[in-house]
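[1] Here's my sequence, what's the structure:
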Amino acid sequence: MMKRQMLLLALLAAANANAQVWPISFSQSQGYSQSDRHLDQVGLASGWGDFGVALNQSKMYNSKLDQSLIAKAGETVKPSVAYSGAWMQSYIYVDWNRDGQLSSDNELVSYSAYQTDGTWKNSVGETFQNGNQLNPPTFTIPQDTEEGFYGIRYKIDWNSKAPEGSTESDNDIVTNRGAIADTRLLVRNSGEASLTVSCKHGTVTLHDGTPLTSATLGEGLTLKVNPDDGYRFKSVTLRHGFLTGDSLKGNIPQRARTTITEENNGLVTIPATLVDGDIELTVSFQAGERPAEAYELVFSDEFNQTDSSEPDPAKWAVSQRYKSTWNRFISKDPRVAFVENGKLVCRCMPTPSDRLADDTLEMISGAVETRGLFSFTYGCAEARIKTNPHKGNFPAFWMMPQPPCESWPKAGEIDIWEQIDTENKAYHTVHSNWTYNLGYKQNPQSSFSETVDMAQWHVYAVEWTDEEIKWFVDGKSVANYKKSATQSDIEQGQWPFDAPFYLICNQSVGNGSWASNYEKGHTYETLFDWVRVYQLKPSEPSAIATPTQQKRADLHSAYDLSGRPISSTGSPYRKIVIQGGKKTLIP
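    Reported below is the predicted structural model:
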């Protein structure tokens with residue numbers, strides 16, 4: 001499993017890093033010895049359209065595995081190259097069996113010229129007086145080709161069928177200033193492409209303002225991005241290709257992730273080579289008064305591990321079973337929390353006959369958390385989630401304080417998203433001594449809900465600062481909970497949200513107190529497509545030390561993260577401060 005994950009990461013990274021995928025006869029960083037010859041673009045004309053992949057003209061080798069040339073099974077296609085220079089030939093290979101090797105026999109699908117017995121011929125048998133032929137002829141995609149992505153290599157060389165490039169002493173590809181470019185060939189039978197969009201702090205439409213609801217395979221998109229007041233465009237991230245099923249076939253990625261940051265007068269162009277299957281668009285905006293470099297992704301899991309595997313153990317651990325409603329059935333059985341089709345699947349199901357020894361109750365449920373592995377104080381946590389409403393359903397995406405901390409509810413709880421029973425409602429709540437033990441649930445309001453179609457995918461997010469917690473659904477602000485300005489409220493636990501919290505994803509069932517009692521025999525399921533956490537980078541001064549314990553009596557020159565002086569007689573709760581240009585944790 002680990003080798004497969006590492007290979008996928010390497011292949012996806014190769015798209016923009018010019019990493020070697022199939023063997024080449026020279027260093028992947030090799031530049032041209034002279035500027036008069038260079039490969040500028042490779043292309044393919046098919047029934048889906050004319051596709052071109054632009055290349056780095058300073059490098060002899062390019063890998064573009066985040067883009068695709070698209071064709072139908074059984075059709076005849078015309079490859080092309082844009083090469084500056086003369087006296088060279090083109091050779092096209094397709095890794096049909098996806099084994100990481102390219103054969104000069106059955107996988108050399110097109111070549112412009114090759115000399116045999118003193119005669120120059122191309123791959124369709126045409127003869128020439130000399131070998132100065134660059135344009136490759138057509139070739140046919142086999143009719144029985146399985147739908148999916150295949151590796152395709154374009155090589156500029158001289159009289160050599162060697163896929164890695166000629167190494168003959170008097171005919172070396174480097175000396176001749178040839179080139180190699182690798183990308184993907186997508187074989188599809190249907191032009192339908194699904195499109196889903198998520199964004200916050202703004203909206204996105206087609207360039208003419210019409211809703212962005214669908215895409216056509218092989219046709220580029222021009223988007224109009226519309227930031228909310230106080231925000232500006234940051235990026236569009238596409239997850240594209242076959243979004244379900246195996247992420248790799250052989251050594252070829254079946255989906256890719258590409259981020260576009262270029263924008264022109266509010267318009268963002270997605271080239272046709274990226275519309276190569278189903279698409280998930282994530283449009284990001286950032287606060288206009290803050291520079292882009294102020295934000296960073298500090299935690300993410302796209303759940304792209306091998307199907308049926310456990311979620312990444314470096315990020316997630318199985319939650320502990322206790323007696324609360326949500327954790328009473330938690331099990332380490334891999335059938336209740338696993339990765340499938342690029343999603344984290346959490347289930348609550350009848351205890352199987354081949355149960356684990358500890359699973360003695362009639363249900364087992366899946367719950368994973370980052371406790372002890374990852375926690376954070378302030379930032380944005382979000383996840384893309386879909387559940388199956390049913391009587392007794394009770395899933396959640398939420399946060400709890402990282403131990404050591406006070407007992408619940410004094411240490412606090414932040415529920416980013418919950419759903420119960422058959423309701424098409426998203427619930428968002430904070431719990432604390434103030435709201436739970438003292439009963440101040442409306443001072444200020446601490447629980448919220450709104451109508452959401454739970455059977456569809458949605459992005460649920462929380463933005464957490466030292467003054468406020470905001471909830472978002474599909475980028476739309478839906479609720480907020482603010483820190484009290486009254487010191488006595490703080491001392492009674494109104495705002496315990498200034499310490500590290502960790503993440504939890506779980507599928508539980510009700511007991512009749514809020515969510516209905518579960519239905520025996522039914523399998524409950526919730527899918528988590530991805531989970532991400534963003535934080536602001538530390539402000540100046542940049543010298544930030546590892547947090548240390550500091551006594552309150554020493555806080556005469558300390559400031560909070562907003563630059564306000566902190567009194568030694570302030571809140572009894574733990575707090576991160578800036579003192580002497582260093583980040584300090586006070587008890």
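
[2] Can you name the residues that contact the residue minimising distance to the centre of the chain?
    The residue lying closest to the centre of the chain (C-alpha atoms, centre = their mean) is residue 302, at 4.9 Å. Neighbouring residues of residue 302 by C-beta atoms under 8 Å, 6 or more residues apart in numbering: 239, 257, 342, 529, 530. For glycine as for every other residue, the C-beta is placed from the backbone atoms N, C-alpha and C.

[3] Pull the distance from the lengthiest strand in the chain to the chain's centre.
    Counting by DSSP state E, the longest strand found in the chain is strand 524-536. Between the centre of strand 524-536 and the centre of its chain there are 10 Å (C-alpha atoms, centre = their mean, to the nearest Å).

[4] Buried ones in that strand, by neighbour count?
    Using 16 or more other C-beta atoms under 10 Å as the test for burial, strand 524-536 gives 524, 525, 526, 527, 528, 529, 530, 531, 532, 533, 534, 535.

[5] got the CA coordinates for that strand in PDB?
    As requested, the backbone C-alpha atoms of strand 524-536 are provided in PDB (Å, rounded to 0.1, in the frame of the first residue of the first chain):
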ATOM      1  CA  TYR A 524     -25.700   4.000   8.300                       C
ATOM      2  CA  GLU A 525     -23.000   5.700   6.100                       C
ATOM      3  CA  THR A 526     -21.400   9.100   5.700                       C
ATOM      4  CA  LEU A 527     -18.700  10.000   3.200                       C
ATOM      5  CA  PHE A 528     -15.900  12.500   3.700                       C
ATOM      6  CA  ASP A 529     -14.300  13.600   0.400                       C
ATOM      7  CA  TRP A 530     -11.500  15.700   2.000                       C
ATOM      8  CA  VAL A 531     -10.600  17.500   5.100                       C
ATOM      9  CA  ARG A 532      -8.400  20.700   5.200                       C
ATOM     10  CA  VAL A 533      -7.200  23.200   7.700                       C
ATOM     11  CA  TYR A 534      -5.700  26.600   6.900                       C
ATOM     12  CA  GLN A 535      -4.000  29.100   9.200                       C
ATOM     13  CA  LEU A 536      -2.500  32.600   8.900                       C
END
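
[6] Give the rounded mean pLDDT of that strand.
    Mean pLDDT, computed over strand 524-536, is 94.

[7] before we move on, back to that, just the contacts of residue 302 now: which is nearest residue 509?
    Taking C-beta to C-beta as the measure, residue 509 lies nearest residue 529 of the contacts of residue 302, at 22.1 Å.

[8] The closest one against residue 397, yeah?
    No: at 11.4 Å, residue 529 does not count as touching residue 397 under the criterion of C-beta atoms under 8 Å.

[9] what sits in contact with each of those two?
    The contact lists of residue 529 and residue 397 share 383, 385, where a contact means C-beta under 8 Å, 6+ apart.

[10] helix or strand for the residue nearest to residue 209 when sequence neighbours are not counted, which one?
    In space, and not counting its chain neighbours, residue 209 is closest to residue 224: 6.6 Å by C-beta to C-beta, 6 or more residues apart in numbering. Assigning secondary structure by DSSP states H and E places residue 224 in strand 221-227.

[11] Give the helix, strand or coil label for residue 281.
    strand (DSSP: H, G, I helix; E, B strand; the rest coil).

[12] so it sits right up against residue 205, yeah?
    No: using C-beta under 8 Å, residue 281 is not in contact with residue 205; the gap is 11.7 Å.

[13] Give the intersection of the neighbour lists for the two.
    Common neighbours of residue 281 and residue 205, counting by C-beta under 8 Å, 6+ apart, are residue 212.

[14] from the middle of its chain, how far away would stretch 340-350 be?
    With C-alpha atoms, centre = their mean as the basis, stretch 340-350 stands 18 Å off its chain's centre.

[15] let me redo that: stretch 113-130
    Taking mean C-alpha positions (C-alpha atoms, centre = their mean), stretch 113-130 and its chain are 47 Å apart.

[16] And for that stretch, what's in contact with it?
    Applying C-beta under 8 Å, 6+ apart, the contact partners of stretch 113-130 are 89, 108-112, 131-133, 136-139, 159, 161.

[17] Repeat that for stretch 150-158.
    Contact partners of stretch 150-158, identified using C-beta under 8 Å, 6+ apart, comprise 21-22, 39, 42, 69, 79, 81, 83, 87-96, 98, 102, 131, 134, 163, 165-166, 171, 173, 176, 178-187, 251-252.

[18] CA atoms only: put that stretch into CSV for me.
    The C-alpha coordinates for stretch 150-158 follow below in CSV (Å, rounded to 0.1, in the frame of the first residue of the first chain):
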residue,chain,number,x,y,z
TYR,A,150,-2.7,6.0,-20.8
GLY,A,151,0.8,7.4,-20.9
ILE,A,152,1.8,8.9,-24.2
ARG,A,153,5.3,10.0,-25.1
TYR,A,154,6.4,12.4,-27.8
LYS,A,155,10.0,12.1,-28.8
ILE,A,156,12.1,14.3,-31.2
ASP,A,157,15.1,12.3,-32.3
TRP,A,158,17.0,11.2,-35.4
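
[19] Pull out the buried positions in it.
    Buried positions in stretch 150-158, judged by neighbour count with 16+ other C-beta under 10 Å: 150, 151, 152, 153, 154, 155, 156, 157, 158.

[20] May I see the residues you listed arranged in TSV, with pLDDT as well?
    Listed next are the buried residues of stretch 150-158 as TSV, based on pLDDT from 0 to 100:
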residue	pLDDT
150	95
151	94
152	96
153	97
154	98
155	97
156	97
157	97
158	96
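
[21] Just the ones of these in strands?
    Mapping those onto strands (DSSP E) picks out 150, 151, 152, 153, 154, 155, 156, 157.

[22] Quick check: bridge partners of the second one?
    It refers to residue 151. Under DSSP bridges, the beta-bridge partners of residue 151 are residue 184.

[23] where's it relative to residue 419, distance?
    As for residue 151, its distance to residue 419 is 42 Å (criterion: C-beta to C-beta, to the nearest Å).

[24] for the last one, same thing?
    Relative to residue 419, residue 157 is positioned 59 Å away (criterion: C-beta to C-beta).
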